[in-house]
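K.L.:
whatever this is, show me its structure:
(4 chains)
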There are 2 protein chains.
Amino acid sequence: MTVPTTGRRERKKAATRQKIADTALRLFLERGYDAVGIRDVAAEADVAVTTLFSHFASKEALVFEQDENFEQRLTQAVTGRGPHEPLIPALRREIQAMVRHCTGDGAAPIYRMIDASRALREYEESMRLRHAESLATALVADPDLPQSETACRTIARFVIDAYALARDAADPDAALDEIFHMIEAAWEVTSPSS
Amino acid sequence: MTVPTTGRRERKKAATRQKIADTALRLFLERGYDAVGIRDVAAEADVAVTTLFSHFASKEALVFEQDENFEQRLTQAVTGRGPHEPLIPALRREIQAMVRHCTGDGAAPIYRMIDASRALREYEESMRLRHAESLATALVADPDLPQSETACRTIARFVIDAYALARDAADPDAALDEIFHMIEAAWEVTSPSS
DNA sequence: TTCCAAAACCATAACCGTTAGTGTTACGGT
DNA sequence: ACCGTAACACTAACGGTTATGGTTTTGGAA
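P.N.:
Residues are numbered from 1 along each chain as shown, chains lettered A, B, ... in the order given. Predicted coordinates for the structure are as follows:
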């Protein structure tokens, strides 16, 4: 019965969440991630610490609030592609869009902050690992791909590597070209499993 | 000039370190990693908490005490290979040895414990990232490899992926065969950079 | 041999992210 | 109008980690 977005309560909840995220990002950019404590964020957003943690699982999650849909976009690039559309170019397109989003001017200060904090870098990497795993699951489940499970899992990790490598490269577009050329070659030598 | 392993002081320090590591591993295996606190380990090893942290950077580091030389072994597999020995098989041999070490009977309880703890799994992954970076540095610096920097960095990550994937696979040896076949293909399509 | 600087170690207390326990308020459905 | 519960609050704690400041041990020089 698809609850029809009931109303005030959910709006208030979303507002609280947004207020926390906005406050956190502002403070982090002003004073630096490590120099701002959870208690600072909670006080400034005028909520209790426990409330903050009921909206966000960890301090790091405050920073990656929006990027949580990367996971969906990747799996959709697999499941939602045309009937006979080849896999690798579809993944390549999606990764390229993600890289461009991160290296764009709007997100630049945020990613500078991430690079400056060890905790944030490690969190991002473990996020990527989750993405790789869900991508792997999608690949293994795809009936159009006769490759072995190992081959699918491998390609999933390679694709996530491409994102990480391109983001750090001097010329992200050129790096992505080169890396996906390698991925394509790796994919082509795989053989059907059964 | 190159202090010749001075003597008692260093021996005592090493003994303290070993005692801490042994005690920690014993307690972790007995009661479970998450059920043992740093203060427990310190008390049982009869040292102060601050002393423990002067030997180990974190609680997780207590578990991976010995495996810190993985990094050296990988870079040595690159720098120490024969004059015209091809790169990928050399790396493959080293990764295979590492995987066999981890999946061997002796290390089994430890790796079961690691898999059971989120904190340990994440720590191991960030360790691997470090390994990938130092391997990448070694590859970029090797004059026998005319490939581009991007290609070298990419292969470094792929090789570390191979380790992670094979370790989790049902049949590690077969998985390693398959993954390195893919890596070989990726490597062969790279072209000299300049 | 005696003495010194540094290294190793210790005890205490605190900091910070995170969680448990226990209410209180405000909303939505009946 | 009323009840169940979702959202929030407050306090206190837990556990990893670090700062502070002091004590012992050690290697080497005077």
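K.L.:
alongside DNA strand D, which residues does chain A contribute?
P.N.:
Proximity of chain A to DNA strand D, by Cβ under 7 Å from any atom of the strand, involves residues A:9-10, A:12-13, A:16, A:46-51, A:54-55. All C-beta atoms are positioned from the backbone trio N, CA, C, and that covers glycine.
K.L.:
mind redoing it with 6 Å?
P.N.:
By the rule Cβ under 6 Å from any atom of the strand, the part of chain A lying against DNA strand D is A:9, A:12-13, A:16, A:47-51, A:54.
K.L.:
with adjacent residues omitted, what lies nearest to the residue nearest in space to the middle of chain A?
P.N.:
By Cα atoms, centre = their mean, the mean C-alpha position of chain A lies nearest to A:F70, the distance being 4.0 Å. Distances taken as Cβ to Cβ, 6 or more residues apart in numbering or on different chains place A:H131 nearest to A:F70, at 5.9 Å, with adjacent residues excluded.
K.L.:
does the helix or strand containing that neighbour reach DNA strand C?
P.N.:
For A:H131, the host element (DSSP states H and E) is helix A:118-141. No - applying Cβ under 6 Å from any atom of the strand, one finds helix A:118-141 separated from DNA strand C by no less than 8.2 Å.
K.L.:
now the angle from whatever helix or strand comes next after that helix to helix B:149-168?
P.N.:
Downstream of helix A:118-141, the first helix or strand assigned by DSSP H and E is helix A:149-168. Counting by axes from the mean of the first three to the mean of the last three Cα atoms, to 10 degrees, helix A:149-168 lies at 140 degrees to helix B:149-168.
K.L.:
only alpha carbons, please: show helix A:149-168 as CSV.
P.N.:
C-alpha atoms of helix A:149-168 as CSV (Å, rounded to 0.1, in the frame of the first residue of the first chain):
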residue,chain,number,x,y,z
GLU,A,149,31.8,-16.2,-10.7
THR,A,150,35.5,-15.5,-10.1
ALA,A,151,35.7,-13.5,-13.4
CYS,A,152,32.7,-11.4,-12.4
ARG,A,153,34.0,-10.7,-8.9
THR,A,154,37.3,-9.8,-10.4
ILE,A,155,35.9,-7.4,-12.9
ALA,A,156,33.8,-5.7,-10.2
ARG,A,157,36.9,-4.9,-8.3
PHE,A,158,38.8,-3.8,-11.3
VAL,A,159,36.0,-1.4,-12.2
ILE,A,160,36.0,0.1,-8.7
ASP,A,161,39.8,0.4,-8.9
ALA,A,162,39.3,2.4,-12.1
TYR,A,163,37.2,4.9,-10.2
ALA,A,164,39.8,5.3,-7.5
LEU,A,165,42.7,5.5,-9.8
ALA,A,166,41.1,8.0,-12.2
ARG,A,167,40.1,10.2,-9.4
ASP,A,168,43.6,10.5,-8.2
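K.L.:
re earlier: what number of residues lie near the residue nearest to A:F70?
P.N.:
Using other Cβ atoms under 10 Å in any protein chain shown, A:H131 has 22 other residues around it.
K.L.:
one more: the one 4 residues further on?
P.N.:
Here the count is done by other Cβ under 10 Å, and A:L135 has 25 residues near it.
K.L.:
so who does it touch?
P.N.:
A:74-75, A:78, A:156, A:159-160 (Cβ atoms under 8 Å, 6 or more residues apart in numbering or on different chains).
K.L.:
B:L129 is in contact with A:E125, correct?
P.N.:
Yes - A:E125 is within contact range of B:L129, at 5.9 Å (criterion: Cβ atoms under 8 Å).
K.L.:
so which elements touch the strand or helix carrying A:T51?
P.N.:
According to DSSP H and E, A:T51 maps onto helix A:49-55. Under the contact definition 3 or more Cβ pairs under 8 Å, 6 or more residues apart in numbering or on different chains; DSSP states H and E, helix A:49-55 sits against helix A:8-31, helix A:38-45.
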